[in-house]
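> only the shape, not the letters, is given here:
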């Protein structure tokens, strides 16, 4: 297959490194990066440096700044920021056919529907990944945490037609899972990250300091409860122990771990407050339910932008 990764930031860098390590020296699959700006130039010149437990330098078969001459893709992973999804989707519209499979891995729960609205002819799955990584400087991505578990699945219908994708991912050393209940999986990951990203950005604290502060820890737990309330009101069937599971996940993270939204704020970049915090507040308002803690955090973050 011709496999394109759109956006070589934290998620795209992790995925791209795994796929290139497995396939860049072979003719089994063709790995293509889509990236803009200085990050593109550095990768094109000397490869992508990915720093995790070890440092790896990888080279895709091709890297493009625009998709005009990139050809047709068989499989596309969208790993851009939420605010860039529509623009990035339009950009690849001439590179896909009705047989192309597109999988978003960015933050949020409605990404598959957003893509399908722009490219109705393609097959769009939904997906999520548990990895914390970010661009350290042009040409370099550093992994901060996360086991890299990747979950994909169709919004409806059978999973069997997509088993070959999981095989490709697993053969590249990626812990991939195909599920018939992707909506639940995406929401459970979103609840975990949304609450943490919002609270960590409000206080500019790593996860260890958040958990060690009784009042902030309770604020985080309340945000989890409010996000769960929104999801269940929408009809999403979540794990009964989801709040405990989230708190347990936070507890095993390295003390210094920060969210990408907090890192963006600290670096002076535009944070994803709209998708991480405002989405819950707006959705709750549409449903007629109260999320006072999320609302207060949103007000604090809005003043800081």
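Cool, got the structure. Note that the coordinates shown come from a computational prediction; the quantities given were computed from them, not determined experimentally.
> now the strands: where do they sit in the stretch 1-150 of the chain?
Here the stretch 1-150 of the chain has its strands, by DSSP state E, counting those that start in this stretch, at 2-6, 30-34, 48-51, 55-58, 62-64, 75-78, 101-104, 123-124, 126-137, 140-153.
> so for residue 271, which of the ones you listed sits nearest?
Residue 271 sits nearest to strand 126-137 of all the strands of the stretch 1-150 of the chain, at 12.5 Å, using Cβ to Cβ. All C-beta atoms are positioned from the backbone trio N, CA, C, and that covers glycine.
> got the buried residues for that closest one?
Within strand 126-137, the residues scored as buried using 16 or more other Cβ atoms under 10 Å are 126-135.
> so how far is it off the chain centroid?
Relative to its parent chain, strand 126-137 has a centroid offset of 6 Å by Cα atoms, centre = their mean, to the nearest Å.
> so which elements touch that strand?
Judged by 3 or more Cβ pairs under 8 Å, 6 or more residues apart in numbering; DSSP states H and E, strand 126-137 is in contact with helix 10-23, strand 101-104, strand 140-153, helix 182-203, helix 260-266.
> residue 160 is nearest to which of the ones you listed?
Taking these one by one with Cβ to Cβ, strand 140-153 is closest: 11.5 Å.
> chain center to that closest one: distance?
Its chain's C-alpha centre and that of strand 140-153 lie 8 Å apart, by Cα atoms, centre = their mean.
> between the helices and strands packed on strand 126-137, which gets nearest to residue 303?
helix 182-203 (10.3 Å).
> check which helices and strands the closest one sits against.
strand 126-137, strand 140-153, helix 207-212, helix 214-233, helix 242-251, helix 260-266, helix 292-304.
> buried stuff in the fourth one?
So the one you mean is helix 214-233. Using 16+ other Cβ under 10 Å as the test for burial, helix 214-233 gives 216-217, 219-224, 226-231.
> return the mean pLDDT over that helix, rounded to an integer.
For helix 214-233, mean pLDDT rounds to 98.
> which residues are in contact with it?
187, 190-191, 194-196, 198-199, 203, 205, 210-211, 238, 242-243, 246-247, 250, 280, 283-284, 287, 289, 291-294, 297 (Cβ atoms under 8 Å, 6 or more residues apart in numbering).
> buried subset of the residues you listed, written for ChimeraX?
A single ChimeraX command is used to select the members of the contacts of helix 214-233 judged buried by 16+ other Cβ under 10 Å:
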select :187,190,191,194,195,196,198,199,203,205,210,211,238,242,243,246,247,250,280,283,284,291,293,294,297
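> of all the residues in stretch 174-194, which ones are buried?
For stretch 174-194, the neighbour count (16+ other Cβ under 10 Å) marks 174, 176, 178-179, 182-194 as buried.
> check which helix or strand covers residue 155.
For residue 155, there is no enclosing helix or strand under DSSP states H and E.
> my guess is it contacts residue 110, does it?
No: assessed by Cβ atoms under 8 Å, residue 155 is found out of contact with residue 110, at 10.4 Å.
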